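Engineer: please find the sequence and the predicted model below.
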Amino acid sequence: MPLKIFLSSTLRKYFPGYDSRAGIDYPMEGEISVAALIRKLKLPQERVKIVMVNGAHASFDDGLKGDERVALFPPVGGG
């Protein structure tokens, strides 16, 4: 089963035409770490600060097997 990937705010600029409702379907071939997925998507890892897998906080080292929902968020500023 493919991964369903959702990008937040400034990360969307790396995928012209990105549809925030549909996300990205990413085909899986075995297990992959979150960090490896980010590299394959050609996203700069330093731009990804929060990772959620199936609604729970995850780390860059966590493995993905397929059929997960992955949300990637950049740093959030404010004050």
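Structural biologist: Arrived safely.

Engineer: excluding chain neighbours, what is closest to the residue nearest the centre of the chain?
Structural biologist: When Cα atoms, centre = their mean is applied to the chain, the residue found nearest the centroid is residue 72 (4.1 Å). Using Cβ to Cβ, 6 or more residues apart in numbering and skipping residues adjacent in sequence, the residue nearest residue 72 is residue 48, 5.0 Å away. Glycine gets a C-beta too; all of them are placed from N, C-alpha and C.

Engineer: tell me the contacts of that neighbour?
Structural biologist: 11, 38, 72, 73, 74 (Cβ atoms under 8 Å, 6 or more residues apart in numbering).

Engineer: in strands, which of those residues fall?
Structural biologist: Judged by DSSP state E, strands contain the following of the contacts of residue 48: 72, 73.

Engineer: so where's the chain uncertain?
Structural biologist: Along the chain, segments meeting pLDDT under 70 span 77-79.
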